[in-house]
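> Predicted coordinates and the sequence they were generated for:
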Amino acid sequence: MSYTDRNPIEAQEVLVLDSSTFIKEIGLMSQKGSALKHYLYCRGTQFVVPQAAAEEYERHLAEHAEKKVKQIEEGLRWLARFCNGVEGWSAPGDTTIKACAKALATGKSLGAVFLEETDDTRAQAERRYHEERPPGHTKKATLGDCRIWEQCLELLSKHDVVLVSQDSDFQDRSGTSLHPLLRAEAEEAGAGRSLTFHSSMESLLQELKSEIPAIPDAEIFKFVYATSETVQELQLKREYRPTATGTIKQTRLTTDDRRFIDVRLEVEDRWESPDGATSRCFKLSGSCRYHLGDKRFDNLHETWKLTRDEPDGSSYVEGGFGRLVVCGYRGAGRIGPQPATL
């Protein structure tokens, strides 16, 4: 098994997931995993994959994918009998599945760091396992758990470590905290560094979720009014000026790229005449992308309208614009991951 072209560990804080957590989230491709990628990017935390974990990740991910293929094929055979034949799907080959499993297992798409195991670390893990010391102290314990823990201790010499494990081998009797013997070892190995333990992804995300705060309204108003050429043309034609004092509803969603989030916008603002005597109501619905590192917007898609209120209570639309994309049907479209709300 060969892993090459690994990134150096440059962050002060690193994240390590045990095998069961990573497998449950299918290589962090789930909604929770998708949100975690963006939180870590904002926080400056690097995801580290110990060698023992990568080997187990790859094996279990490939097995999981192969099982899903069989389930789909069985479902299609039933549907073929029901519909007198079906078309449109063929299973990925073993080579493709193994390649995808390896890419996910090493966190390549997540900017993860692969931590290669040294001979000394492996020997210490084997000794721990044979002596039945945590996390190798239960009947279902594996050498892999001991290897992961030894690499966590190695990381603690230079980094703060966040460890997530749903495995009872790492936990105390309450099931929410790190085993006391492991805690003592971490404190001894840390030399001023800290190890934070979480027993679930939910617990981890609860701590990290504030790392992507709401984008200030002032920044959104500035982006919308400076980017949309049609809105700028409307200002020239109607001679009304935005006040940028209205309300904005923003929904932040994950994307495939951990650097960018998708922002859905509902904007309502008051536009005033030059003398301030009359006003108009401006409403915009749209979406854009936001770069978390550079704090930069781009790719605005919007629909908007400018209305004036009549004395009888009705509204008159003075201007409006919408983007409409019409696509011909070309068969089933690509199914992408469902974004998570941040």
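Perfect, I can see it now. Residues are numbered from 1 along each chain as shown.

> Can you tell me what sits against whatever helix or strand Leu253 lives in?
Using DSSP states H and E, the element containing Leu253 is strand 247-254. With contact meaning CB atoms under 8 Å, 6 or more residues apart in numbering, strand 247-254 is reached by 31, 34-35, 37-38, 212, 214-215, 217, 220-221, 261-269, 290, 339-342. All C-beta atoms are positioned from the backbone trio N, CA, C, and that covers glycine.

> Break the protein down into its domains, please.
Annotated domains of the chain cover 13-210, 212-321 [automatic domain parsing].

> list the buried ones in the strand holding Leu253?
Of the residues in strand 247-254, those with enough neighbours to count as buried (16 or more other CB atoms under 10 Å) are Ile248, Arg252, Leu253, Thr254.

> relative to strand 247-254, how tilted is the following helix or strand past it?
Secondary structure here is assigned by DSSP H and E; on that basis, the next helix or strand after strand 247-254 toward the C-terminus is strand 260-272. Direction vectors for strand 260-272 and strand 247-254, defined by axes from the mean of the first three to the mean of the last three CA atoms, to 10 degrees, enclose an angle of 170 degrees.

> After strand 260-272, which helix or strand is next? Please name it.
Downstream of strand 260-272, the next assigned helix or strand under DSSP H and E is strand 279-291.

> for that next one, packing partners?
Applying 3 or more CB pairs under 8 Å, 6 or more residues apart in numbering; DSSP states H and E, one finds that strand 279-291 makes contact with helix 217-227, strand 260-272, strand 296-309.

> mind redoing it with 6 Å?
With contacts taken as 3 or more CB pairs under 6 Å, 6 or more residues apart in numbering; DSSP states H and E, strand 279-291 sits against strand 260-272, strand 296-309.

> what about the first one, average pLDDT?
This predicted structure assigns strand 260-272 an average pLDDT of 93.

> Show me how to select, in PyMOL, the buried members of the contacts of strand 247-254.
A single PyMOL command selects the buried members of those (16+ other CB under 10 Å):
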select buried, resi 34+35+37+38+212+215+217+220+221+261+262+263+265+267+269+290+339+340+342
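
> can you list the weak-confidence ranges in this protein?
For the chain, the stretches with pLDDT under 70 are 1-7, 310-315, 319-335.

> Which helix in it has the most residues?
For the chain, the helix reaching the highest residue count under DSSP state H is reported as helix 51-83.

> Can you give me the buried ones in that one?
Of the residues in helix 51-83, those scored as buried under the neighbour-count criterion (16+ other CB under 10 Å) are 51-58, 60-62, 65-66, 76.
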